[in-house]
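Q: Prediction below, plus the sequence it came from.
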Amino acid sequence: ARPAAPPATADATASGPDPDCVDSPSWYKNHDSTKDCEWIAKMPDPRCDVRGPGGASDLAKYSCRKACGCPDVPTPAPTDAGTPTTPAPQRRQHHAVHARPGRQLVAERRDVANRFAGE
């Protein structure tokens, strides 16, 4: 006779720890290498949004996932281009475009009129 199958259990990955729920050993708060993931874990609510040395996208919640309670946040992919920026809106040059050509045209007409008047 075959041995009995083990009782049905939940999936091991669902019941076990999340393999991505770890703290980075190299992350630290920007400009203060003494404030690492252990520091974040002491007060996670205000500190999980602290920036690391990588700039605006290097937040503690991405690197200190265990300290921040393993939030379901995507890990940002590194980019060579850096943080995308929105170009500043261009200002309309209303006065420069319309006022100067009209003044120039008036001056040219005056010059032409003076030439004919002087003949």
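A: Done, it's in. Residues are numbered from 1 along each chain as shown.
Q: make it CA atoms for all contacts and neighbour counts henceforth
A: Will do.
Q: Would you map the strands across the protein?
A: Ranges of strands in the chain, per DSSP state E, are 51-52, 55-59.
Q: Out of those strands, which is the most enclosed?
A: Mean neighbours per residue, mean count of other CA atoms under 10 Å, is largest over the strands of the chain for strand 51-52, with a mean of 20.
Q: Check which helices and strands that strand is in contact with.
A: In terms of contacts (3 or more CA pairs under 8 Å, 6 or more residues apart in numbering; DSSP states H and E), strand 51-52 is packed against strand 55-59.
Q: could I have the strand it packs on exported to PDB, CA atoms only?
A: The C-alpha trace of strand 55-59 is given here as PDB (Å, rounded to 0.1, in the frame of the first residue of the first chain):
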ATOM      1  CA  GLY A  55      18.200  61.200  -4.600                       C
ATOM      2  CA  ALA A  56      14.400  61.600  -4.700                       C
ATOM      3  CA  SER A  57      13.600  58.000  -5.800                       C
ATOM      4  CA  ASP A  58      15.900  56.400  -3.200                       C
ATOM      5  CA  LEU A  59      13.400  56.300  -0.300                       C
END
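Q: quick revisit: return the member of the strands of the chain having the minimum mean pLDDT.
A: Of all these, the minimum mean pLDDT falls on strand 55-59 (a mean of 92).
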